[in-house]
Structure formats: C-alpha cells, structure tokens
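> Quick check, what structure comes out for this input:
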Amino acid sequence: MSRVLPAGPGLALVALLALLPVVIGAQVVPGKPDAGGMPAPTVALERGRAVYVLNTCHFCHGVDLTKATMGAAVLLHSPLVGADENGNVIGAVVRAGIPNLQTSMPAYPDLTNQEVEELAAYIHYLRQLGRHKELMGASVAAGDAAAGRTYFAANCASCHAVTGNLKGLATNYDAATLRARVLGPPPPAASVDAGAIAAGRRQHLTLLEKYSDDDVNILVAYLQEATK
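Now for the predicted structure:
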C-alpha cells in the first residue's frame with residue numbers, strides 16, 4: 001500500500017502553490033484538475049488529496065468521484081458517504097476494505113486517524129464540487145412551496161428567518177439568481193461573528209452534498225413566496 005509521507009516544507013510548498021481554488025461563501029470553486037487530481041483550497045484538504053491519490057482511490061472512483069471501475073461505488077451519490085461525519089463511516093470502510101468475488105476494495109488498516117479525517121474531508125469537498133455542478137445544470141421545475149416550508153423548517157430555520165435575515169430576497173432576486181444563492185451563498189457581512197460564519201458554511205456545504213433536484217426546487221419555491 002502506498003503511504004502518505006508527513007507534510008514537510010516541500011510538500012507544504014506544493015500544497016500552497018496548488019491553492020488556486022477559492023471558497024466563496026458556502027460555494028467551492030475548483031481549480032483545474034492536474035496529475036494529482038482536483039486541487040483543493042486549503043493545505044489540510046491538499047493533505048487529504050495526497051491520501052486519496054497515493055492510495056490509488058482515484059483509479060476506481062475517479063478524480064471527481066464519478067468513476068466506478070469494476071463495480072466501485074460512485075461516491076458522488078453514495079448515501080454511505082453522505083452519512084459520514086469526520087471520517088466515522090468512510091474510515092471504517094477504508095480500513096476494512098470490501099471483499100467481492102468480481103472486484104474488491106483493498107483494506108488500508110495502517111491509515112492514521114488524521115489521514116482518515118483528511119481523506120474524508122477531501123472526499124466531501126469533491127462531492128460538494130460535483131453536486132454544485134450537477135444542481136446548477138439541472139432542469140428547473142416548479143416546486144411545491146408547502147413542501148419547501150417543511151424542508152426550510154427542518155434544515156434552515158436554525159440560522160435563517162424568512163421575516164428576518166432573508167426578508168426581501170424574492171424582491172431583489174429572480175428565481176435563477178435565488179437558486180444560485182441557495183446553492184452557493186455569497187460571503188457574509190464582516191459584522192457577522194466568525195464562529196457563526198464557519199458553522200453556517202459547514203451546514204450549507206453539508207446540505208449541498210445531500211440536496212436532491214426536488215429539494216432545491218421546493219426550497220426556492222418557498223423562498224419566492226415567503227421572502228417578498
């Protein structure tokens with residue numbers, strides 16, 4: 001098994017030079033793929049990319065998680081990966097491997113906890129990129145505003161209020177722009193607490209991985225109705 005070397009000055013420099021992508025609010029904007037896969041916006045995620053590539057995960061799952069060679073799972077849409085938090089699910093699978101008569105995923109029992117967490121973070125980052133691209137390119141359909149109200153209450157209301165910080169959205173933005181903001185909100189105002197920004201950003205990115213086309217349609221329909 002390929003092993004990941006500790007991050008020394010040389011690796012750190014390579015990672016820093018690869019930081020072409022930027023994070024805009026919750027939206028993640030990728031750089032161009034290179035020989036090592038998809039560059040990431042932080043040094044920690046670059047370490048996760050090193051674990052992913054040096055352990056040849058990309059051979060079966062692809063540099064963008066859409067490949068499924070020899071029966072491998074399409075990680076971009078995997079419910080198992082969607083249930084993962086900080087590597088708790090991904091780590092168990094990676095360390096144990098998946099034996100199969102036709103194909104098999106090798107076990108990587110020697111990965112450290114840090115390597116597992118950084119690998120999982122990078123996989124989630126790739127899912128966020130992939131789902132954003134898919135959802136932005138998906139056909140837009142009229143959504144059920146009542147269903148959107150239920151979705152908003154369950155997933156958004158802890159941070160947002162349609163009569164508070166979201167008031168006026170539907171007046172200021174058309175449906176297409178509103179949809180884009182749902183999938184990738186802009187940077188928050190400087191006056192917002194930094195801890196709240198980080199927590200909110202993580203929540204948006206988690207939702208981005210899990211949105212279905214219909215989730216976005218019903219959420220936009222509700223916001224159009226409720227934030228005028």
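> Could you tell me which ranges of this protein sit under the pLDDT cut-off?
Residue ranges of the chain with pLDDT under 70: 1-31, 35, 101-103, 186-192, 194, 197.
> In it, what residue spans correspond to strands?
22-24, 27-29 (DSSP state E).
> okay, now the domains of this structure?
Domain ranges of the chain: 9-137, 145-226, per automatic domain parsing.
> how about those in JSON lines, adding mean neighbour count?
All C-beta spots, glycine's among them, are computed from the backbone N, C-alpha and C. What follows is the domains of the chain, written out as JSON lines (neighbours: other C-beta atoms under 10 Å):
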{"stretch": "domain 9-137", "mean neighbour count": "17"}
{"stretch": "domain 145-226", "mean neighbour count": "16"}
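> Any chance you could list what contacts the longest helix seen in the chain?
Taking DSSP state H as the criterion, the chain has its longest helix at helix 113-137. Helix 113-137 has contacts (C-beta atoms under 8 Å, 6 or more residues apart in numbering) with 4, 27-28, 30, 38, 40, 44-45, 47-49, 51-52, 55, 57, 64-66, 75-76, 81-82, 84, 86-87, 90-91, 94-95, 111, 180, 183-184, 205, 208-209, 211, 213, 216.
> Check stretch 220-228 too.
Looking at what lies outside stretch 220-228 - C-beta under 8 Å, 6+ apart - the contacts are 142-149, 151-152, 162, 166-171, 175, 178-179, 182.
> gap between the most centrally placed residue in the chain and residue 61?
Among the residues of the chain, the one closest to the centroid is residue 128, at 2.4 Å (C-alpha atoms, centre = their mean). Applying C-beta to C-beta, to the nearest Å, the value for residue 128 to residue 61 is 16 Å.
> Please apply the same query to residue 93.
In this view, residue 93 and residue 61 are 12 Å apart by C-beta to C-beta.
> Kindly report the same for residue 119.
As for residue 119, its distance to residue 61 is 12 Å (criterion: C-beta to C-beta).
> same question, residue 106
The gap separating residue 106 from residue 61 is 13 Å, by C-beta to C-beta.
> before we move on, back to that, can you give me the distance of the residue nearest to the centre of the chain to residue 56?
According to C-beta to C-beta, residue 128 and residue 56 sit 23 Å apart.
> For this structure, which segments are assigned as helices?
Counting by DSSP H, the helices of the chain are 9-17, 43-54, 57-61, 79-82, 90-96, 113-137, 145-155, 169-172, 175-183, 194-210, 213-226.
> Quick one: closest of these to residue 71.
Closest approach to residue 71 among the helices of the chain (C-beta to C-beta): helix 57-61, 8.7 Å.
> Not counting residues beside it along the chain, what's closest to residue 90?
Using C-beta to C-beta, 6 or more residues apart in numbering and skipping the chain neighbours, the partner closest in space to residue 90 is residue 120 (4.4 Å).
> Tell me the span between the first and last residue of stretch 77-90.
This stretch, stretch 77-90, spans 14 Å end to end (C-alpha to C-alpha, to the nearest Å).
> next one: that stretch to chain centre, how far?
11 Å (C-alpha atoms, centre = their mean, to the nearest Å).
> cool, and stretch 81-98?
16 Å.
> distance of the residue nearest to residue 96 when sequence neighbours are not counted from residue 116?
For residue 96, ignoring the flanking residues on the chain, the nearest one in space by C-beta to C-beta, 6+ apart is residue 107 at 5.7 Å. Separation of residue 107 from residue 116 (C-beta to C-beta): 13 Å.
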